[in-house]
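>>> what follows is a predicted protein model with its sequence.
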Amino acid sequence: MAEQAQRRAAEAQPQEKPPNDNHALEELRQLIVAPEQEGLAEIRDRIDNLERRAEDVSSVVAEAIQMRREQGDDHALAEALGPTIEATLRDSVREHPHVIADALFPVMGPAIRKSITETLRTMLESFNEALEHSLSWRGIQWRIEALRTDKPFAEIVLMHSLLYQVEEVFLIHRETGLLLNHLTAPAVAAKDARMLAGMLTALQQLSQDRFETEQGESLQKWEMPDLQGWLEVGPSAVTAVVIRGHAPADYRVRMKQALEEIHQRFGAALERFEGDAGPFCATEGVLAPLLEKRLREEEAAAKKKPYAVLSVAAVALIAILAWAGYVSYRTYQWSTFEKALQQEPGIAVTSFERQGGRYRIRGFRDHFAADPELLLKNAGLDANKADFQLTPFYSTHDSIVTSRANVLLAPPAGVTLSVKDSVLRAEGTAPPEWIARLKDRGLWIAGVHEIDTTKLQDAEIVALNRDKATLQELVLLFPLGRAELEAAQENNLAKAKQEISGMLGLAKRSNQNVQIEVVGHTDTTGMEASNLPLSRQRAEQVLRALERAGIKSSAFRPNGVGTSEPLRSEDTEEGRRLNRSVTFRVTISPAPTAAPPPPAASLIN
């Protein structure tokens, strides 16, 4: 520092000597003030330079926190650091959750397992007690008593079976009276908060008075309605228990042993105790055995316990078997449904898998196949557990093709369609227009390669044949030896006119040729030479009557057969009368089709 001041003083000297002594004074001032100015500049630089200031603070921050803690001001330090630590922890959990998970893993695993184990143990104990007191004649009697006295069943069981039960255990610091640890027996209902607070206050007051009576003796016991408390006093701690019933004298020995073990293992912590009960959580392993429970007739209960355990095991086994049976049955149902779906016409299943508790079914389905969800419902299965992904396609199964043909062709009543080996068969009677549509569009249907109409009848041809049969059954009668109809034959003649008119109309619409032969007959009375002309005259007479009725057609042909074609035997008069008649003989044949039109090229030429 002095060398720098001297150097600066030398630099500040002028090249020429001033005319007065100011130069000497300036040099003296530099020698005296320069070191302080240099120090001030150094301090100013450390204050203004943030990096240097941060470096200085970082070197003493740990010692500063330790010093503040030693001064007993932890609360202010916690308040200052709390928000920063909370924000840092929150950001770390959001950005790097696996780091926190890895850090908490050694603690969370044992804590969770311990909680689950304790819950299962309590549940099994309660279930075992319920079996012991319910599945017996004594349990039934107790239930009757509970109904009779209007008391809870649990209270009746407790009154008859409980010898004693340690419901709560307290570990209290003797000097301060503060609670170090507290355990409650499983399945014990929580006490009234005010009563528990009053009891703890009394215990704290007793601990502050060193648990001594006026005669100088240590307080060992206190009582409340239905409850009693036992205390065991040690040098630094006190154990207190709340007992329902009457505990044996040897129980106090176990209390002393537990208190001695606590003083042995936690003596240093008890001496340094300043209000933090955290280190004494580990005393739970020592205090937990004090939560005893004994029932009357303990030996008999001990003998029954294996049976109760066996009962529990049997019930558990039955439940497991029932669940396994249910699962197996459901699996069998789904397997059966899969096989049925594989065999369902119009559905092709390519995969049937179970994923995440649901069945995913992939494949193909024809539009005319059965609805898979309806099949699932009919099988008694839950449709919400199935996910169908079926792609549309055309199935060639006979039943599916039959359904498709029925929808597309819409057959009339009386017509049945069926498909076998890609051959569409139609049976029944149908109008000629529908038959033409069948022949024209039937081969358009997917899965149909051939059409069989051998058993399909044209409705008009059927009607034509029906009229033919009716006409051929008519018999027009004539008097003996005459060619005029009997007077009573007008109705038969009118019916013949109606049938012939209908036949001719149907034949024209259905493109059929009809030939009607009017046949005249005679009986054997008289000479054959005269009977033959008479039979022809009778046929011509009927033909003229039809023509007078407006029925003129080239389809008629009169014919007289005389006695050569008798209708009946002439053993009776009725037989001879039927032979003096005219009948009709009808021939139906397809009309010749018209010649196809000439090719387009010939029309152009």
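It's in.
>>> what strand or helix carries Q257?
helix 250-271 (DSSP states H and E).
>>> so for that helix, mean pLDDT?
In this model, helix 250-271 has a mean pLDDT of 87.
>>> let me see the contact set for the residue nearest to T470 when sequence neighbours are not counted.
Spatial nearest neighbour of T470, chain neighbours left out: E499 (5.4 Å); criterion: Cβ to Cβ, 6 or more residues apart in numbering. (Glycine included, C-beta is placed from N, CA and C.) Residues in contact with E499, defined by Cβ atoms under 8 Å, 6 or more residues apart in numbering, are D467, T470, L471, L474.
>>> now A249: how far from K256?
Distance of A249 to K256, computed by Cβ to Cβ, to the nearest Å: 12 Å.
>>> thinking again about what came up before, which of the contacts of E499 fall in helices?
Among the contacts of E499, DSSP state H puts D467, T470, L471 in helices.
>>> which of these has the most neighbours?
D467 (23 neighbours; other Cβ atoms under 10 Å).
>>> hmm, M503 and that one touching each other?
Yes. If you go by Cβ atoms under 8 Å, D467 and M503 touch, sitting 4.6 Å apart.
>>> ok so K339 is a strand residue?
No. Read with DSSP: H, G, I helix; E, B strand; the rest coil, K339 is helix and lies in no strand.
>>> count the residues that sit near it.
Count around K339 with other Cβ under 10 Å applied: 12.
>>> now do P235
11.
>>> list the contacts of R360.
S351, F352, E353, R354, D387, Q389.
>>> the last one and R360, how far apart?
Noted for Q389: a distance of 7 Å to R360, by Cβ to Cβ.
>>> try the fifth one
Distance from D387 to R360, counting by Cβ to Cβ: 5 Å.
>>> tell me what angle the longest strand along the chain forms with helix 250-271.
Criterion DSSP state E: the longest strand present in the chain is strand 162-173. In this structure, strand 162-173 runs at an angle of 20 degrees to helix 250-271, with axes from the mean of the first three to the mean of the last three Cα atoms, to 10 degrees as the basis.
>>> tally of neighbours for A436?
If we define neighbours as other Cβ under 10 Å, then A436 has 11 of them.
>>> and it, what element?
Residue-wise, A436 maps onto helix 432-441 under DSSP H and E.
>>> which is the next helix or strand following that helix?
strand 450-452.
>>> partners of that next one in the sheet?
Applying DSSP bridges, strand 450-452 is found paired with strand 423-430 (parallel).
>>> so what strands line up beside whichever strand or helix holds N513?
Element membership for N513, per DSSP H and E: strand 512-520. According to DSSP bridges, strand 512-520 has the following sheet partners: strand 556-560 (parallel), strand 581-590 (antiparallel).
>>> using JSON lines, lay out those strands together with mean neighbour count.
Listed next are the strands paired with strand 512-520 as JSON lines, based on neighbours: other Cβ atoms under 10 Å:
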{"stretch": "strand 556-560", "mean neighbour count": "18"}
{"stretch": "strand 581-590", "mean neighbour count": "18"}
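>>> among these, which comes closest to G428?
Among those, the nearest to G428 by Cβ to Cβ is strand 581-590 (20.5 Å).
>>> which residues sit against that closest one?
464-465, 468, 471-472, 474-478, 496, 500, 503, 507, 511-521, 538-539, 541-542, 567.
>>> of those, buried ones?
Buried subset of the contacts of strand 581-590 (neighbour count, 16 or more other Cβ atoms under 10 Å): 464-465, 468, 471, 474-478, 496, 500, 503, 507, 512, 514, 516, 518-521, 538-539, 541-542.
>>> which non-adjacent residue is nearest E168?
Using Cβ to Cβ, 6+ apart, the closest residue to E168 is V242 (4.2 Å).
>>> in what helix or strand does the one you found lie?
Counting by DSSP H and E, V242 is found in strand 237-245.
>>> counting by contacts, list what that strand packs against.
Identification of packing neighbours for strand 237-245 by 3 or more Cβ pairs under 8 Å, 6 or more residues apart in numbering; DSSP states H and E yields strand 162-173, helix 193-208, strand 227-233, helix 250-271.
>>> so which of the ones you listed is nearest T453?
That would be strand 162-173 among the helices and strands packed on strand 237-245, by Cβ to Cβ, at 94.5 Å.
>>> least trustworthy helix or strand in the chain by mean pLDDT?
Taking mean pLDDT, DSSP states H and E as the measure, the chain has helix 600-604 as its least confident helix or strand, at a mean of 34.
>>> okay, now the domains of this protein?
2-56, 152-296, 325-392, 405-454, 460-590 (automatic domain parsing).
>>> got the ones you listed as a markdown table, with distance to M67 columns?
What follows is the domains of the chain, written out as a markdown table (distance: least, Cβ to Cβ, whole Å):
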| stretch | distance to M67 |
| --- | --- |
| domain 2-56 | 16 |
| domain 152-296 | 19 |
| domain 325-392 | 60 |
| domain 405-454 | 94 |
| domain 460-590 | 121 |
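>>> now E427: closest residue in space, sequence neighbours ignored.
Once flanking residues are discounted, E427 sits nearest to K455: 4.3 Å by Cβ to Cβ, 6+ apart.
>>> quick check: the one you found touching S418?
No. Counting by Cβ under 8 Å, K455 stays clear of S418, with 10.2 Å between them.
>>> between the two, which one's more packed in?
S418 (16 against 10).
>>> where does that one sit: helix, strand or coil?
Here S418 is strand, with the state taken from three-state DSSP.
>>> thinking it is in contact with G428, fair?
No. Checked against Cβ under 8 Å, the pair S418 and G428 is beyond contact range at 11.1 Å.
>>> pairing partners for the strand holding V242, with directions?
Using DSSP bridges, the strands paired with strand 237-245 are strand 162-173 (antiparallel), strand 227-233 (antiparallel).
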